[in-house]
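> Predicted model and sequence follow; I will ask about them next.
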Amino acid sequence: QKEVEQDPGPLSVPEGAIVSLNCTYSNSAFQYFMWYRQYSRKGPELLMYTYSSGNKEDGRFTAQVDKSSKYISLFIRDSQPSDSATYLCAMSYAGNNRKLIWGLGTSLAVNP
Amino acid sequence: SQTIHQWPATLVQPVGSPLSLECTVEGTSNPNLYWYRQAAGRGLQLLFYSVGIGQISSEVPQNLSASRPQDRQFILSSKKLLLSDSGFYLCAWSRDSSYEQYFGPGTRLTVT
């Protein structure tokens, strides 16, 4: 079993839809959780960073961490065609030399 | 603000030829630096990371090497490329005190 599991998709939604992206993990020591967006042939861009459990909101994006279920989510409200990209989750724990463990990414297409 | 540069953007090299990819970071001091390779369907694979000048940790045994001759310069090298070295190479940095990593634009390497 991989430490971080992420459904690769592709996920296709109409413009304006609410998108839910998820990752599950097996290591209960993970405390630091991140979501990255990667456009085709570009480097990943940090979208959201969350420490431990709870929610964090930034504009149309909301990140949730449920440590009891070992499950993290990224919600995108009012999705736009410009949100079409691959979304990667990443996580780490104290004492891991700040190395990140990555999901494989979910490909999202928002159709106008 | 901080900026990370990578070059070249695209490279086509024959099998057995040498390789040198360069990454530089501006606007910060003493960053942690990372080299990743991203292959289709395999996610981000950490190759090397560095916490300071001359300090390199290797994650994956292979024919690649890394060096950090200056605080904000990170170089990925190979003496003889293999076909399996093809991929998208990404450099990233993080502050010494945090887990968030910030990526460069990447180098797409094709070994023929």
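Yep, it's here. Keep in mind the model is a prediction, meaning the values are calculated, not measured. Residues are numbered from 1 along each chain as shown, chains lettered A, B, ... in the order given.
> Let's check: the centremost residue of chain B is which one?
B:Trp35 (3.1 Å; CA atoms, centre = their mean).
> And for whichever strand or helix holds that residue, what's in contact with it?
In the assignment (DSSP states H and E), B:Trp35 maps to strand B:32-39. Applying CB atoms under 8 Å, 6 or more residues apart in numbering or on different chains, the contact partners of strand B:32-39 are A:98, B:23, B:25, B:44-51, B:66, B:68, B:74, B:76, B:86-96, B:101, B:106. Backbone N, C-alpha and C define where each C-beta goes, glycine included.
> Quick one: list the elements packing against the helix or strand that that strand is followed by.
Following strand B:32-39 in sequence order, the next helix or strand is strand B:43-52 (DSSP H and E). Strand B:43-52 sits against strand B:32-39, strand B:55-58, strand B:64-70, strand B:73-78, with contacts defined as 3 or more CB pairs under 8 Å, 6 or more residues apart in numbering or on different chains; DSSP states H and E.
> Produce a PyMOL select command limited to the buried residues of the contacts of strand B:32-39.
Buried residues within those, by 16 or more other CB atoms under 10 Å in any protein chain shown, are selected in PyMOL with:
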select buried, (chain A and resi 98) or (chain B and resi 23+25+44+46+47+48+49+50+51+66+68+74+76+86+87+88+89+90+91+92+93+94+95+101+106)
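> residues in contact with the residue in chain A positioned nearest to chain B?
Here the residue of chain A nearest chain B is A:Gly43; by CB to the nearest CB that distance is 3.6 Å. Neighbouring residues of A:Gly43 by CB under 8 Å, 6+ apart: B:90, B:92, B:103-106.
> Find the pair from those residues with maximum spatial separation.
B:Ala92 and B:Pro105 (11.3 Å; CB to CB).
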